[in-house]
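>>> Let me see the structure of the following:
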Amino acid sequence: MKSIRFAAALAAAFASALCGSASAEVLIYVDKAAQRMTITVDRARLFTWPVSTGLPGQTETPNGTFRANRIDADHHSQEYNRAPMPYTVFFDLHGHAVHGILDASHIGNPGSHGCVRLPTDKAALLFDLIKTEGLKATTVVVTGRTPSLQSLFLARRRALREANTTSSLLFITHVSDKLSPHNIIIAAEIDRLQEATVLQPPLADYDLLLPPAPDDESAVPSS
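Residues are numbered from 1 along each chain as shown. Sure, this is the predicted structure:
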């Protein structure tokens, strides 16, 4: 059911974004500081996803405004042991590209050799969009300064603590009017589990930015 709703929402998004335009303008905006990609179609935001850009230094993803120039659904690296690069979208003349990666465990943190990595399913969606609208209609903007892993960790930990301070206090208050040792231990364990998540980006925050499809399955177009 979830996959059906996702497909229906995606179809509705494309229909809404592309309606009345022979060739919609696709903008891929990569923020290296946040390790995040935002995709707009005719200035309407369609997706926001975590990515993995190049590491600081010699393999850093170059900043600038580029035009997508080539796509390859089944590309393999010519420099790194023919590593698979599914759904590749090249955006400069030096081999930098947006592409999927089979092991997405590092998505949300810098770690590539200069390309912009996406989970493969997200890369496939982007690839299909560009294939539909064309390379000439696709602009890639890369901006920001690549953060260190330590600074990313500290920023996420700080944001997580700020977001959960109020909820943690409410939890303790509702459990008991008195802070018994047992309840303090429960609250401390919740904080520990929450802090353990800061090394992973909040993927749920970057999902499809659309309202859910109607519950009526009859409204879903047949394939």
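>>> Asp74: neighbouring residues, count only.
Counted with other Cβ atoms under 10 Å, the neighbours of Asp74 add up to 9. In short, each C-beta sits where N, CA and C put it, glycine included.
>>> Please, which helix or strand holds it?
strand 70-76 (DSSP states H and E).
>>> And whatever helix or strand comes next after that strand, what's buried?
Next in sequence after strand 70-76, counting helices and strands by DSSP H and E, comes strand 84-90. Within strand 84-90, the residues that qualify as buried are 85-90, counting by 16 or more other Cβ atoms under 10 Å.
>>> Strand partners (parallel or antiparallel) of strand 84-90?
If you go by DSSP bridges, strand 84-90 pairs up with strand 70-76 (antiparallel), strand 97-101 (antiparallel).
>>> Which positions in the longest one come out as buried?
Pointing back at strand 70-76 there. 71, 75.
>>> rewinding a little: identify the farthest-apart pair in the buried residues of strand 84-90.
Pro86 and Phe90 (13.6 Å; Cβ to Cβ).
>>> that older thread, list the contacts of the strand holding Asp74.
82-90, 97, 99, 127, 130-131, 135 (Cβ atoms under 8 Å, 6 or more residues apart in numbering).
>>> and with 10 Å instead?
82-91, 93, 97-100, 123-124, 126-128, 130-131, 135, 138 (Cβ atoms under 10 Å, 6 or more residues apart in numbering).
>>> Need the residues touching each of Pro86 and Phe90.
The contact lists of Pro86 and Phe90 share 72, 75, 99, where a contact means Cβ under 10 Å, 6+ apart.
>>> Go ahead and confirm the last one touches Thr88.
If I follow you right, that is His99. Yes. Assessed by Cβ atoms under 10 Å, His99 is found in contact with Thr88 at 4.1 Å.
>>> which residues are in contact with both of these two?
71-72, 75, 77, 115, 123, 127.
>>> just for this protein, where's the confidence low?
1-22, 165-223 (pLDDT under 70).
>>> Would you map the helices across it?
Ranges of helices within the chain are 2-18, 120-133, 149-175, 181-195, based on DSSP state H.
>>> Any idea how many residues pack against Ser52?
So Ser52, with other Cβ under 10 Å, has 23 neighbours.
>>> That one - nearest residue in space that isn't next to it in sequence?
Leaving aside its sequence neighbours, Ser52 sits nearest to Arg117 (Cβ to Cβ, 6 or more residues apart in numbering; 4.1 Å).
>>> wouldn't the one you found be in contact with Ala123 here?
Yes. Using Cβ under 10 Å, Arg117 is in contact with Ala123, at 8.3 Å.
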